[in-house]
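Chemist: A structural model of the following input is requested.
(chains A and B)
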Amino acid sequence: MSESPVLDPAVLNTLRQLSSPGEPDVLAEVLKLFLAEVPPRIVRLRIAYAAQNIEEVHRSAHSLKGSAGNVGAQRMFDICKRLDEIGKSGDLRGAGSLVDALGAEFGKVEAEIHRLVEV
Amino acid sequence: MVPLQVLVADDEPVSRTVVGAMLKKAGYSVIFAPDGAQAWQLLDNDDSPSLALLDWEMPGLQGPEVVQRIRNRPSQNPTYVILLTSRDSSADIVQGLRAGADDYVTKPANEDELVARVNVGARVVQLQMALADRVRSLEEALANVKALQTLLPMCAYCKSIRNDQNYWEKVETYFTQHSNVSFTHSYCPSCYERFVKPELEALEDARAAKDRQRRG
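Modeler: Next up, the predicted model:
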């Protein structure tokens, strides 16, 4: 069974078509923002997990989930969603491997973005 | 027509940019706020945007809190508020609507759904504006009617009316100035008997006398 793509082409297409005439390219703008915004938040999540700060794990995972959803990074979205749920439940068991998986998946998303657009 | 202005408040730049681009493409004018406090600052004045999309979870003031503040503020044109939320349990949705939101959209937003819901909001806003205009013109009309309901001093003999400047005017002049009434002169049956008939008879008599003279 083939894995789902790193970035959902349908979502990328929607973003591509959002550009209004005379306005900057929305897809490039969004991907650039994503690359700038996500790494510090992953770091914050790692620190929060190391400190067992449940509330911050929940908050960071929740906002990362939103960003991932907006660029169609489906697998990254799923990982964040599970972290979001774990954070909400108040029991951080199992979060460690998800935090690692998130870092690895973001690496793939980043490479894919660089392959797609010049950012 | 001037495009309606929509406020997009979201602490997450990616989401804010995507939602903003969807609305711009649909023809709306968009302004942004990076958190709830700045959203409230933009909404708490007289020429605030008529539509607002508020993210639920923002640092500081959260979406539902901003909605509550909007609803506690007396306003002629209340803002139409849509909450943007990745929460999708029905308890959360009920809580958001109870806080005073008009609608909600779950994140990540689907373009067609988001624009369709904002369009519904725009229809409501336009209806509100049209109604407010109608109420204003009715209030003006009512004020004019009231001006005519005051006590008018009228001369018992010549029927002149004393105007606000203490000057005596003819009834026709007064009403032409204080209302949209215009006069056309005619006579009533009793005045016909009293004034018109004798005048016609006098004319008839004069003509008969002239005829007699010519013949004689």
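
Chemist: The helix ranked longest in chain A: which residues count as buried?
Modeler: Using DSSP state H, we find that the single longest helix of chain A is helix A:26-50. Buried residues in helix A:26-50, counted by 16 or more other Cβ atoms under 10 Å in any protein chain shown: A:26-35, A:38, A:41-42, A:44-46, A:48-49. Yep, even glycine has a C-beta here, placed from its N, CA and C like the rest.

Chemist: try stretch A:3-17
Modeler: Buried-residue list, stretch A:3-17, by 16+ other Cβ under 10 Å: A:Val6, A:Leu7, A:Asp8, A:Val11, A:Leu12, A:Thr14, A:Leu15.

Chemist: got it, and stretch B:115-131?
Modeler: Using 16+ other Cβ under 10 Å as the test for burial, stretch B:115-131 gives B:Val115, B:Arg117, B:Val118, B:Gly121, B:Ala122, B:Val124, B:Val125.

Chemist: does the longest helix of chain A come close to chain B?
Modeler: Yes: using Cβ under 8 Å from any Cβ of the partner chain, we find that helix A:26-50 touches chain B at A:Val26, A:Glu29, A:Val30, A:Leu33, A:Phe34, A:Glu37.

Chemist: residues contacting B:Tyr104?
Modeler: B:Ile82, B:Leu83, B:Leu84, B:Thr85, B:Ile93, B:Gly96, B:Leu97 (Cβ atoms under 8 Å, 6 or more residues apart in numbering or on different chains).

Chemist: hmm, try it at 6 Å
Modeler: Each residue near B:Tyr104 by Cβ atoms under 6 Å, 6 or more residues apart in numbering or on different chains is listed here: B:Leu83, B:Thr85, B:Ile93, B:Gly96.

Chemist: try B:Leu23
Modeler: Going by Cβ under 6 Å, 6+ apart, B:Leu23 touches B:Val6, B:Val30.

Chemist: mind running it again at 7 Å?
Modeler: B:Leu23 is in contact with B:Val6, B:Val8, B:Val30, B:Val118, counting by Cβ atoms under 7 Å, 6 or more residues apart in numbering or on different chains.

Chemist: Which member of these is positioned nearest chain A?
Modeler: Nearest to chain A, judged by Cβ to the nearest Cβ, of the contacts of B:Leu23 is B:Val30 at 10.6 Å.

Chemist: Surely the closest one is within a strand?
Modeler: Yes: counting by DSSP: H, G, I helix; E, B strand; the rest coil, B:Val30 is found in a strand.

Chemist: Quick check: the closest residue to it other than its chain neighbours vs B:Val118, distance?
Modeler: Using Cβ to Cβ, 6 or more residues apart in numbering or on different chains and skipping residues adjacent in sequence, the residue nearest B:Val30 is B:Gly20, 4.7 Å away. Going from B:Gly20 to B:Val118 by Cβ to Cβ, to the nearest Å gives 12 Å.

Chemist: State the mean pLDDT of the helix or strand harbouring B:Asp133.
Modeler: Per DSSP states H and E, B:Asp133 falls inside helix B:111-148. Per-residue pLDDT over helix B:111-148 has a mean of 90.

Chemist: check whether that helix contacts chain A.
Modeler: Yes: against chain A, helix B:111-148 shows contacts by Cβ under 7 Å from any Cβ of the partner chain at B:Glu111.

Chemist: Quick one: list the elements packing against that helix.
Modeler: Counting contacts by 3 or more Cβ pairs under 7 Å, 6 or more residues apart in numbering or on different chains; DSSP states H and E, helix B:111-148 packs against helix B:13-25, strand B:51-55, strand B:80-85, strand B:103-106.

Chemist: hmm, back to that, need the residues of helix A:26-50 next to chain B in TSV with pLDDT, can you?
Modeler: Below are these laid out as TSV (pLDDT from 0 to 100):
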residue	pLDDT
A:Val26	91
A:Glu29	92
A:Val30	94
A:Leu33	94
A:Phe34	96
A:Glu37	93
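
Chemist: neighbouring contacts of stretch A:42-53?
Modeler: For stretch A:42-53, contacts defined as Cβ under 7 Å, 6+ apart pick out A:Glu56, A:Val57, A:Ser60, A:Ala61, A:Leu64, A:Leu92, A:Ala95, A:Gly96, A:Val99, A:Leu102, A:Gly103, A:Phe106.

Chemist: Excluding residues flanking it in the chain, which one is nearest the closest residue to chain A within chain B?
Modeler: Using Cβ to the nearest Cβ, the closest approach of chain B to chain A is made by B:Pro108 at 3.5 Å. Leaving aside its chain neighbours, B:Pro108 sits nearest to A:Gly69 (3.5 Å; criterion: Cβ to Cβ, 6+ apart).
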